[in-house]
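Asks: mind folding the following:
(chains A and B)
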Number of protein chains: 2
Amino acid sequence: MTLTGAHLVSGHWRRSEPTFTAQNPQTGQALGPAFCEAGGDLVEAAVAAAGEAFAATRSLEPGWPATLLDATAQRILDLGDALLDRAGQETALPRGRLVLERGRTVGQLKMFAQIVRDGAWLDATIDTADPARQPLAKPDVRRMAVARGPVAVFGASNFPFAFSAVGGDTASALAAGNPVIVKGHPSHPGTSELFATAMLGAIESLNLPRGLFALLQGRGNELGAALVRNSGVAAVGFTGSRRAGRALFDLAASRPNPIPVFAEMGSLNPLIVLPGAIKERGAAIAKDLAGSILLGSGQFCTKPGVILMVGNPTEFLSSLEGHISAAQSVTMLNQPLRDAFLSRVTQWKRVGGVSASAIPEAMGHADTRPLLFQTTAAVFLAEAELREEAFGPAALVVRCDDERQIAGVLSKLGGNLTATVHASASDNAAPLVQAMESIAGRIVFNGYPTGVEVCNAMIHGGPFPATTDANSTSVGAAAIRRFARQVAYQNMPDGLLPLALRNANPLKIVRNVNGELTTEAIGG
Amino acid sequence: MTLTGAHLVSGHWRRSEPTFTAQNPQTGQALGPAFCEAGGDLVEAAVAAAGEAFAATRSLEPGWPATLLDATAQRILDLGDALLDRAGQETALPRGRLVLERGRTVGQLKMFAQIVRDGAWLDATIDTADPARQPLAKPDVRRMAVARGPVAVFGASNFPFAFSAVGGDTASALAAGNPVIVKGHPSHPGTSELFATAMLGAIESLNLPRGLFALLQGRGNELGAALVRNSGVAAVGFTGSRRAGRALFDLAASRPNPIPVFAEMGSLNPLIVLPGAIKERGAAIAKDLAGSILLGSGQFCTKPGVILMVGNPTEFLSSLEGHISAAQSVTMLNQPLRDAFLSRVTQWKRVGGVSASAIPEAMGHADTRPLLFQTTAAVFLAEAELREEAFGPAALVVRCDDERQIAGVLSKLGGNLTATVHASASDNAAPLVQAMESIAGRIVFNGYPTGVEVCNAMIHGGPFPATTDANSTSVGAAAIRRFARQVAYQNMPDGLLPLALRNANPLKIVRNVNGELTTEAIGG
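Replies: You can find the predicted model right below:
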């Protein structure tokens, strides 16, 4: 499979100037071909095509997203080794991880296809009329989710499959019935193009509107800003840094007509290890915690970055330090990320009262050494930069006086994707669970936050700055809700209603009819 | 019952300087007592008390909001004539309307109490563990809605009961478990104080945390801005003008930690009358449409403000004009609103190609005459000010060449709360229903948008500028969702889970367990 380096707009591969090349983070060497950088004209073309495709979907049968997602999943598998090879070159992620992530990505597409077929996500709700009600007749009112319109999705560098061109945001936005315009991450443009070929193949084979999916490649911020400012874009999905996510949020909020930005911006992910847990299974926790910190070279949004404990459990800390420093060198996704990581931990190290192993001076292209830092709650609360995420293989141990101080530290952390506590039967975890609930979207007990299960109950979100919408998730079944809005229909003739709301319930979906959940038809 | 003119903060009536007085819109005369204007210190006090109350609710049984809402509903009824008298003086709304609106307000409180007891709104979702799953064990993940924290609610002038101090926003925010700080509307401060006494009485009788409800009075914008900027406020509910709603939205979005603003900002509410409908029942439509335009002196968010039709049906228009001008004079809620109304319609009249009856020069304190304007689609699309809502007793008829041009006009309108079509069997309404769906939160067929049914299926919302969150509603059961966020719990011991998620299902609520809706316990 030959990569073109072009953008995909309205079913055509479109070229533009200037170009850029991908780099192999392990070697620093350029990876061909030259990739085009999209300008404003291609943004306009992609959004216009998406708008036309959105209008055209109204004539399609309601299950079209399910068919498209299933077909795309198969075509991703059909890419075979070409996808794994290219992604490995562009990201330095090990093949085993990429195989797992491909499975997850294909699984997400199939899950959303099933959600579309199931129809419960529409939240179809029907209150039938009562013309005799006093003092006023009761109208017939029915509501359901409808698509918002073209969605701009920003690919993330750290999950080149599951959160990138055809990742969870794209899958859930399409599932809800929206066209998607992807801004590919410049760290893996070849991988993005391969996903685009899979999606295009599926769209063509099903003869769906070509504007349903676009891929625009580029390095600069202006491409993303142009997408978010475009009046034809109805919503935004983003996974990445807080700075970039906040910038897009601010742009969207300052539009003449603001649109929602669902940005997942990473997290400190506090993890508490209580004394009883250390006593009971400290060695196992030290080993598994180090594994969680180092997973994907520390480049998980859910990496436990702040480890809270009572007192100074030296044996546990020494064991944790040993596991962390056992990995002499890891390769990050790209050199800019590695440089940002070293810059952040250098800031940490400069703070008085922070101890750490030596920070490496010069290593390979995107390489670094994993690092463990330690400080006290007093220092951690006093120094704001310690509460900034270090995206990469590092964690900061914060030694607290007691459980009460741990709860106090949690309350100063702001929003997080996750919060975790390790406790034994002798620990009193309940007050900490309440403190964690106030700041996090997901609370993990005696486990590790990395590895986000794709299921109905998952919340991969949390209060700002973890995300820009505390009631959203970018992983799991509920992610589809971000990209729809509820519309009500009053006294509408049956034939003018969407199929999901018609009396006969032709889609056979679960609906709330006069307060009862049922798949039955209405009337008869 | 003697009004104090004070604020309610943490269960105490607190005074401040300066003061203002309410005015009787029918006479322009001041209505005693002097009402205090809150400054930043009272905002701080109210938010701090709300934060403490929020923390205290964690020790309460989960049904506390239901008990509080039911008790408040009864105490509102117990206010009896004192409430109706004061509201009548402050708003000039007829007693019959106020009695209806009181019924609706009490009904809302009881509905949300029932929603809390029912528990389905929590969206409790449980995926149980599968330790044997390959390649990775499947964790136990459970999620449900939890309260966001203190909510600031802005009372609206046009519904002094249903959208004011203890209206739909307050009821739904409390139902979700949040403390509420109300910024009372300065147009009816006495009415707001009466509602606050009812709420305080209920809180005291149930010995609930006093900080659960606060009322701050004032006239200026700074009070509202201070509330929205306060770091202890987690969300905002607002009903009012686009300018004020947008200002609060912008403030909230520019915070270090942005918070959601659910602002309902009114609407043009296009209403289409197709040729077949005019032929079939033009006389009845003209009469009922005029009634809908003039309801509450034209001060409904859902007033049909733009009337679209094909050609120039002179008989129908003359009949509509006759019904509109039959009311020689109506009293608006206050003089500033009346002045803003006259200013807007004067702008309309100055536009070339707009015809209208004479605009009154001088009338009573807050009085005006109802007005009907006419123009063509070409003029309407060319002149932006014609697409700005005139809040008051006026509507603008837009004559179009054909149904296709009507759809074109709809597509230029931006977001609306409602869109309505009147059609007969001979009309082809289907393409217009699709066009309406793209811009509105609720589509009404052969009816009128005023009178928003409080039910499960209602959506009183719509794309910007109708609201700041196109997927929200401020009326009906789904309004509660605005004020909660979903939190997931992973591998949590049963005893540490919220009651709604425990294996035994002690609250007996409907839950999604491994994809099936059930009230059954888990395991056994």
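Asks: do I have it right that A:F483 meets A:A173?
Replies: Yes: at 4.4 Å, A:F483 counts as touching A:A173 under the criterion of C-beta atoms under 8 Å. All C-beta spots, glycine's among them, are computed from the backbone N, C-alpha and C.
Asks: how about the residues of the stretch 151-300 of chain A by chain B?
Replies: A:F249, A:D250, A:A253, A:S254, A:N257, A:P258, A:I259, A:P260 (C-beta under 8 Å from any C-beta of the partner chain).
Asks: ok, now with 6 Å
Replies: Contacts of the stretch 151-300 of chain A with chain B, taken as C-beta under 6 Å from any C-beta of the partner chain, map to A:A253, A:N257, A:P258.
Asks: re earlier: between A:F483 and A:A173, which contacts overlap?
Replies: Listed as contacting both A:F483 and A:A173 by C-beta atoms under 6 Å, 6 or more residues apart in numbering or on different chains are A:V151.
Asks: remind me which residues of chain A are low pLDDT?
Replies: Chain A contains residues with pLDDT under 70 at A:524.
Asks: how does it look with 80?
Replies: Across chain A, the ranges flagged by pLDDT under 80 are A:1, A:357-362, A:524.
Asks: tell me the helices in chain A, going along the chain?
Replies: Using DSSP state H, the helices of chain A run over A:40-57, A:64-79, A:81-91, A:95-118, A:168-175, A:189-205, A:221-229, A:242-253, A:275-294, A:314-326, A:335-350, A:377-382, A:403-411, A:430-439.
Asks: most neighbours per residue, which of those helices?
Replies: Each of the helices of chain A was scored by mean neighbour count; the highest is helix A:168-175, a mean of 31, by mean count of other C-beta atoms under 10 Å in any protein chain shown.
Asks: just checking, what packs against it?
Replies: Contacts defined by 3 or more C-beta pairs under 6 Å, 6 or more residues apart in numbering or on different chains; DSSP states H and E place helix A:168-175 against helix A:95-118, strand A:151-154, strand A:180-183.
Asks: so what strands line up beside the last one?
Replies: Each strand paired with strand A:180-183, and its direction, by DSSP bridges: strand A:151-154 (parallel), strand A:213-216 (parallel).
Asks: grab the CA positions of the last one and hand them over as CSV.
Replies: Looking back up the chat, that one is strand A:213-216. Extracted in CSV, the C-alpha atoms of strand A:213-216 (Å, rounded to 0.1, in the frame of the first residue of the first chain):
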residue,chain,number,x,y,z
PHE,A,213,-15.5,11.6,6.3
ALA,A,214,-12.6,13.9,5.6
LEU,A,215,-8.9,13.8,6.6
LEU,A,216,-6.9,17.0,6.7
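Asks: what's A:M332 in contact with, if anything?
Replies: A:S297, A:R338, A:A366, A:G392.
Asks: please produce a markdown table containing these, extended by distance to A:L268.
Replies: Shown next, in a markdown table, are the contacts of A:M332 (distance: C-beta to C-beta, whole Å):
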| residue | distance to A:L268 |
| --- | --- |
| A:S297 | 18 |
| A:R338 | 20 |
| A:A366 | 23 |
| A:G392 | 13 |
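Asks: among these, which one has the most neighbours?
Replies: Counting neighbours by other C-beta atoms under 10 Å in any protein chain shown, A:S297 leads these with 28 neighbours.
Asks: what is the neighbour count of the nearest residue to A:V236 once chain neighbours are set aside?
Replies: Once flanking residues are discounted, A:V236 sits nearest to A:V261: 4.4 Å by C-beta to C-beta, 6 or more residues apart in numbering or on different chains. Other residues lying near A:V261 total 25 when counted by other C-beta under 10 Å.
Asks: contact residues of chain A facing chain B?
Replies: Residues of chain A found near chain B (C-beta under 6 Å from any C-beta) are A:58, A:125-127, A:139, A:141-143, A:253, A:257-258, A:433-434, A:437, A:442-445, A:447, A:453, A:455-459, A:464, A:470-471, A:485-492, A:496, A:517.
Asks: can you select the buried ones among those for me in PyMOL?
Replies: Here is the PyMOL selection string for the buried members of these, based on 16 or more other C-beta atoms under 10 Å in any protein chain shown:
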select buried, chain A and resi 125+126+127+139+141+142+143+253+258+433+434+437+442+443+444+445+447+453+455+456+457+458+459+464+470+471+485+486+487+488+489+490+492+496
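Asks: looking at the contacts of A:M332, which is nearest chain B?
Replies: Nearest to chain B, judged by C-beta to the nearest C-beta, of those is A:S297 at 19.3 Å.
Asks: list the contacts for that closest one?
Replies: Going by C-beta under 6 Å, 6+ apart, A:S297 touches A:V330, A:M332, A:P393.
Asks: number of residues surrounding A:R399?
Replies: By the measure other C-beta under 10 Å, the count of residues near A:R399 is 20.
Asks: next one: A:F161 from chain B, what distance?
Replies: Counting by C-beta to the nearest C-beta, to the nearest Å, the gap from A:F161 to chain B is 16 Å.
Asks: now that residue, what are its backbone angles?
Replies: phi -110, psi -60 (degrees, to the nearest 10).
Asks: neighbours of it, just the number please.
Replies: Neighbour tally, A:F161, other C-beta under 10 Å: 29.
Asks: isn't it right up against A:T105?
Replies: Yes: here A:F161 reaches A:T105: they are 4.2 Å apart, a contact under C-beta atoms under 6 Å.
Asks: so what's A:T125 bridging to?
Replies: For A:T125, the beta-bridge partners are A:R143, A:N512 (DSSP bridges).
Asks: how is chain A divided into domains?
Replies: A:9-20+A:38-130+A:147-265, A:270-445 (automatic domain parsing).
Asks: of all the ones you listed, which one is nearest B:L100?
Replies: Ranking the domains of chain A by their distance to B:L100 (criterion: C-beta to C-beta) puts domain A:9-20+A:38-130+A:147-265 first, at 16.9 Å.
Asks: between the two ends of that closest one, how far is it?
Replies: Domain A:9-20+A:38-130+A:147-265 has an end-to-end distance of 28 Å (criterion: C-alpha to C-alpha, to the nearest Å).
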